[in-house]
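1. I would like to see how this sequence folds:
(one chain, ligands or ions: 1)
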Amino acid sequence: MISIKGLSKVFQTKDQEVTAVDNLDLTIEKGEIFGVIGYSGAGKSTFIRLLNRLEDPSAGSVVIDDRDVASLKKKELRLARQDIGMIFQHFNLLWSRTVHDNIAFPLEVAGVAKKERDQRVEELIELVGLAGRGQSYPSQLSGGQKQRVGIARALANKPKVLLCDEATSALDPETTDSILDLLVDINQKLNLTIVLITHEMHVIRKICHQVAVMEGGKIVEQGDVLDVFLHPQKKVTKRFVDQVMGDPEKENSLNLIHDTYKSDSILKLHFVGENTNQALISDISRRFNIDVNILHGKITQTQKGAYGTLFVQFSGEQSEIENVVGYIQSTTVEVEVNPSA
Ligand SMILES: Nc1ncnc2c1ncn2[C@@H]1O[C@H](COP(=O)(O)OP(=O)(O)OP(=O)(O)O)[C@@H](O)[C@H]1O
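-> As a prediction, the model looks like this:
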């Protein structure tokens, strides 16, 4: 669906060159919700703006549905942009137009006749949950409602891709969740490909199927959201995972566990998907002659299922503990014995 090859963007400022996006290769499948996460300055905004040519690339190609956006002429680009909707952190609504007229705007630009336009706007207002608010002005709406208008407007021309530029960063946590739910709903109903950029791992965890981590203009880690949560490779990724998983793996917390339970075996269990419940623990305490004590843990939900880490302490004969470890290894739960900090 989207194929990005060798994509770079170098900004030339008065006294230096800044490589904001550095030789990216990426494939995004149709119907996927693909998240790009990174800290400020990582190059996320530049990356997403390259996808609809709000920025011209310095090198490389962005092929969306067999069309290289990077090499389109002005007129072709205007047409191609109808296939690529975008929503923004600060909504970018037209303040002197009503909700209805904001949503109608891209249809007017595309030359859609009034009757058809009005009908489409009504459908969109319904889709984003703003029924009855068509004649309101943006200033009369909450932040979440404004973003719903932004989403409806972005969908007006039935795009194939929706780009979301920090779309929930200006919203409170509850409103953020309702907008994320709406994006999932739209993704499922319309099979729409969504590419979003964010600095919040919560957004990635809640709605994305795939994630790429950006640092210094490059993608330093990428994969299925659950895999990245489970096995973050890079320091920057671990910090993002910690944002939503708390700190069970942080040095202090692990050292404390080790100091407190010096003589016992500490096991770190990774649960994924269906196994994310504690049936295993009760199973073990029934089968083996050991005492089990749950020390610390957290389970969370992602679009691809649940994921969690649990620290448990086993006391008993060494040989029996080895039997337990062997037993856990025969299941799909991953186990680490006396994990190091
Ligand atoms: N128009 C520009 N001219 C010069 N440098 C720029 C320009 N736009 C971005 N940059 C630089 O490119 C780098 C990446 O910026 P970008 O805004 O893409 O990062 P980001 O990850 O989106 O960060 P933020 O969330 O803070 O916007 C930064 O060093 C930034 O200063």
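
2. So what does the spatially most central residue of the chain look like in phi/psi?
-> Nearest to the mean C-alpha position of the chain, counting by Cα atoms, centre = their mean, stands Ile204 at 2.5 Å. Main-chain torsions, Ile204, degrees, to the nearest 10: phi -60, psi -50.

3. residue contacts, it?
-> Applying Cβ atoms under 8 Å, 6 or more residues apart in numbering to Ile204 gives the contacts Gly35, Ile37, Thr198, Val211, Val225, Phe240. C-betas here are computed from N, CA, C, even on glycine.

4. repeat for Asp15
-> With Cβ under 8 Å, 6+ apart, Asp15 has no contacts at all.

5. is it true that it lies in a helix?
-> No. Secondary structure of Asp15 (DSSP: H, G, I helix; E, B strand; the rest coil): coil, not part of a helix.

6. Give me the phi and psi for it.
-> phi -120, psi 0.

7. same deal with Asn191?
-> The phi/psi pair for Asn191 (degrees, to the nearest 10) reads phi 50, psi 40.

8. nearest spatial neighbour of it, skipping sequence neighbours?
-> Gly31 (4.7 Å; Cβ to Cβ, 6 or more residues apart in numbering).

9. can you check Ile219 too?
-> Excluding its sequence neighbours, the residue lying closest to Ile219 (Cβ to Cβ, 6+ apart) is Ala212, at 4.7 Å.

10. Surely that neighbour and Gly43 touch.
-> No. Using Cβ atoms under 8 Å, Ala212 is not in contact with Gly43; the gap is 11.1 Å.

11. ok, now which ones touch Leu130?
-> Neighbour list for Leu130: Val99, Gln145, Arg148, Val149, Ala152 [criterion: Cβ under 8 Å, 6+ apart].

12. repeat that with 6 Å
-> Residues near Leu130 by Cβ atoms under 6 Å, 6 or more residues apart in numbering: Arg148.

13. That one sits in which helix or strand?
-> Using DSSP states H and E, Leu130 maps to neither a helix nor a strand.

14. Quick check: the gap between it and Arg148.
-> 5 Å (Cβ to Cβ, to the nearest Å).

15. Please name the nearest non-neighbouring residue to whichever residue of the stretch 151-300 of the chain sits closest to the ligand.
-> In the stretch 151-300 of the chain, the residue that lies nearest the ligand is His199 (6.2 Å; Cβ to the nearest ligand atom). Of all residues not flanking His199 in the chain, Tyr39 sits nearest, at 6.2 Å (Cβ to Cβ, 6+ apart).

16. Can you give me the neighbour number for the one you found?
-> By other Cβ atoms under 10 Å, 14 other residues sit near Tyr39.

17. Make TSV from the contacts of Ile204 and add pLDDT and secondary structure to it.
-> Output for the contacts of Ile204, formatted as TSV (pLDDT from 0 to 100; DSSP: H, G, I helix; E, B strand; the rest coil):
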residue	pLDDT	secondary structure
Gly35	97	strand
Ile37	97	strand
Thr198	96	strand
Val211	96	strand
Val225	90	helix
Phe240	91	helix
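
18. Just put those residues in CSV and tack on distance to Phe47 and neighbour count.
-> As requested, the contacts of Ile204 are exported to CSV (distance: Cβ to Cβ, whole Å; neighbours: other Cβ atoms under 10 Å):
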residue, distance to Phe47, neighbour count
Gly35, 12, 27
Ile37, 11, 26
Thr198, 12, 24
Val211, 14, 28
Val225, 18, 24
Phe240, 17, 26
